[in-house]
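A.B. asks: Give me coordinates for this.
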Amino acid sequence: MLSSRDLAFHITQGFDDAAATDPHQIAPNGARLVGKAQCLANWQALASATGTWFEREEVFVVGERVVVRWRYCWGDDDTRSMRGVSG
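C.D. replies: Predicted coordinates:
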């Protein structure tokens, strides 16, 4: 079983220069990050923040791709979390 930090590590392993992500911090429309360096820095900041954790909600395989539905938490109830999917 993967720990929450391991989950973040495995999500980032597929990043290349074409990777893109929309971080949750900048509302309402986000700020698109593009490229391996920007995406990796974003995930490293999430994974290293104290008092936060990832919860796996679902993992499934489609062809050669693994898709992970996850929840990033910073508190004890759903109002202090956000959902995401990586694959």
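
A.B. asks: Could you list the buried residues of the lengthiest helix in the chain?
C.D. replies: Counting by DSSP state H, the longest helix found in the chain is helix 36-48. The neighbour-count check on helix 36-48 (16 or more other CB atoms under 10 Å) flags Gln38, Cys39, Leu40, Asn42, Trp43, Leu46, Ala47 as buried. Quick note: C-beta positions are derived from backbone N, CA and C, even for glycine.

A.B. asks: nearest residue to Val34 other than its sequence neighbours?
C.D. replies: Spatial nearest neighbour of Val34, excluding adjacent residues (CB to CB, 6 or more residues apart in numbering): Ala20 at 4.9 Å.

A.B. asks: can you tell me which residues contact that neighbour?
C.D. replies: Arg32, Leu33, Val34, Gly35, Cys39 (CB atoms under 8 Å, 6 or more residues apart in numbering).

A.B. asks: mind running it again at 10 Å?
C.D. replies: Residues in contact with Ala20, defined by CB atoms under 10 Å, 6 or more residues apart in numbering, are Arg32, Leu33, Val34, Gly35, Gln38, Cys39.

A.B. asks: okay if I get the residues you listed as TSV plus pLDDT and distance to Met82?
C.D. replies: Formatted as TSV, these follow (pLDDT from 0 to 100; distance: CB to CB, whole Å):
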residue	pLDDT	distance to Met82
Arg32	80	17
Leu33	81	16
Val34	84	21
Gly35	83	22
Gln38	84	19
Cys39	80	17
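
A.B. asks: Can you lay out those as a markdown table showing distance to Asp78?
C.D. replies: Formatted as a markdown table, the contacts of Ala20 follow (distance: CB to CB, whole Å):
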| residue | distance to Asp78 |
| --- | --- |
| Arg32 | 26 |
| Leu33 | 25 |
| Val34 | 30 |
| Gly35 | 32 |
| Gln38 | 28 |
| Cys39 | 26 |
